[in-house]
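*Asks:* With the sequence up front, the predicted model follows.
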Amino acid sequence: MEDQARLMSGLVGLSGLSQGDMGDHDALRKHHNLGQPQQDIGDILQQIMAITDESLDEAQARKHALNCHRMKPALFSVLCEIKEKTVLSIRGIQDEDPPDPQIMRLDNMLLAEGVSGPEKGAASAAAAAVAAAAGGSPNEGSIEHSDYRAKLAQIRQIFHSELEKYEQACSEFTNHVMNLLREQSRTRPISPKEIERMVGIIHRKFSSIQMQLKQSTCEAVMILRSRFLDARRKRRNFNKQATEVLNEYFYSHLANPYPSEEAKEELAKKCAITVSQVSNWFGNKRIRYKKNIGKFQEEANLYAMKTAVDAASVSSQASQANSPGTPNSGGYPAPCYTPDGRL
DNA sequence: TACGATGATTGATC
DNA sequence: GATCAATCATCGTA
């Protein structure tokens, strides 16, 4: 009896079971209703313990003999059952993880941005959204669009290639561990359920690595988006004709350089820009003119002359038609925009 | 590459 | 909500 207790405590180390699990010999008997159980089990345990003192070849031979022992499957089954009732039942509660909300968010975002999921549709939709949000002209939009799409495709390609690498590594490692555990399950109480659980643990570890990849991909997409959405970075100077139209209006309305909403719309149409761009332009122009009238004097004279020539032309045409002509703003007003902003 | 010009943004004011 | 004033970020040029 004392020997058996010693053997049992030795087996604890081999099987991973606690002393308590192994203490109840009656349990073994109860489970399997063996004819001469204690004697057989004692033999097996004795042999197991003796393995450690033997050479590798001897141990291999003995291992083989043990594997072929008629009682081995029964003992193995009992050990697996006891182990599952203890170790696995404790872990089991923790292992049932709900889907990670963070990884779900990342997945949704990558899908929406067209990085994961079907290649063409989503990516171009996202690019179109960016182009629309940027509010550029159709041509500019298409340039930005293709640029954005190219960079997004680059991110997408890197993401998928990394993902593939992770999946391959995960699969290789899982197979390796499974083979190892299957091999070990010949001598250790490792049940298929436990192998399955181990596979789950490996997958969770790899999915946490994948989450990091998804996170950095999302960051890259965000940076890309902000780069294309930030209007300041998209600033283009207005073309010469648009600037002339705006300047003409400004200098011919110098006494009151505040275009009405209708005038802004008209100017926006003429210059092929938006009403808010017209407002920005006049806001900037008023301030910059006010700050440095001297600097703008030459420009003011130039447009004054231009307006005068236009007016003269209209006037001569009008006199030919024998009717008085008036410039639409009552002629070019002398610069009277005082530095304090009052007229 | 430095620097001025210029379109856009932001916070304050009316 | 429109405008002012300051500032930012980019463009164009010497």
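*Replies:* Thanks, I have the structure now. Numbers count the residues shown, from 1 in each chain, chains lettered A, B, ... in the order given.

*Asks:* What is the strand or helix carrying A:Glu196 packed up against?
*Replies:* Using DSSP states H and E, A:Glu196 maps to helix A:192-229. Judged by 3 or more C-beta pairs under 8 Å, 6 or more residues apart in numbering; DSSP states H and E, helix A:192-229 is in contact with helix A:89-95, helix A:101-113, helix A:119-134, helix A:138-184. All C-beta spots, glycine's among them, are computed from the backbone N, C-alpha and C.

*Asks:* 10 Å - rerun?
*Replies:* helix A:72-83, helix A:89-95, helix A:101-113, helix A:119-134, helix A:138-184 (3 or more C-beta pairs under 10 Å, 6 or more residues apart in numbering; DSSP states H and E).

*Asks:* for that helix, what is the average pLDDT?
*Replies:* Averaging pLDDT along helix A:192-229 gives 78.

*Asks:* if you skip the residues just before and after it, what's nearest to A:Lys193?
*Replies:* A:Glu84 (6.7 Å; C-beta to C-beta, 6 or more residues apart in numbering).

*Asks:* Based on its surroundings, how many neighbours for A:Lys270?
*Replies:* A:Lys270 has 15 neighbours, counted by other C-beta atoms under 10 Å.

*Asks:* just A:Asp57 next, same as before
*Replies:* As a burial measure, A:Asp57 scores 8 neighbours (other C-beta under 10 Å).

*Asks:* pLDDT score for it?
*Replies:* Reported pLDDT at A:Asp57 in the predicted model: 82.

*Asks:* what's the answer for the one 5 residues further on, then?
*Replies:* The score at A:Arg62 is 73. That number is its pLDDT.

*Asks:* list the buried ones in whichever helix or strand it is part of?
*Replies:* If you go by DSSP H and E, A:Arg62 is part of helix A:56-68. Buried residues in helix A:56-68, counting neighbours by 16 or more other C-beta atoms under 10 Å, are found at A:63, A:66.

*Asks:* I'd like to check the angle between it and helix A:72-83, please.
*Replies:* 90 degrees (axes from the mean of the first three to the mean of the last three C-alpha atoms, to 10 degrees).

*Asks:* Tell me where the model's unsure across the stretch 51-200 of chain A.
*Replies:* Scanning the stretch 51-200 of chain A for pLDDT under 70 picks out A:51-52, A:87-99, A:118-149.

*Asks:* Who are the contact partners of A:Ser208?
*Replies:* The contact partners of A:Ser208, by C-beta atoms under 10 Å, 6 or more residues apart in numbering, come to A:100, A:103.

*Asks:* From DNA strand B, how far out is it?
*Replies:* To DNA strand B, A:Ser208 is 36 Å away according to C-beta to the nearest atom of the strand, to the nearest Å.
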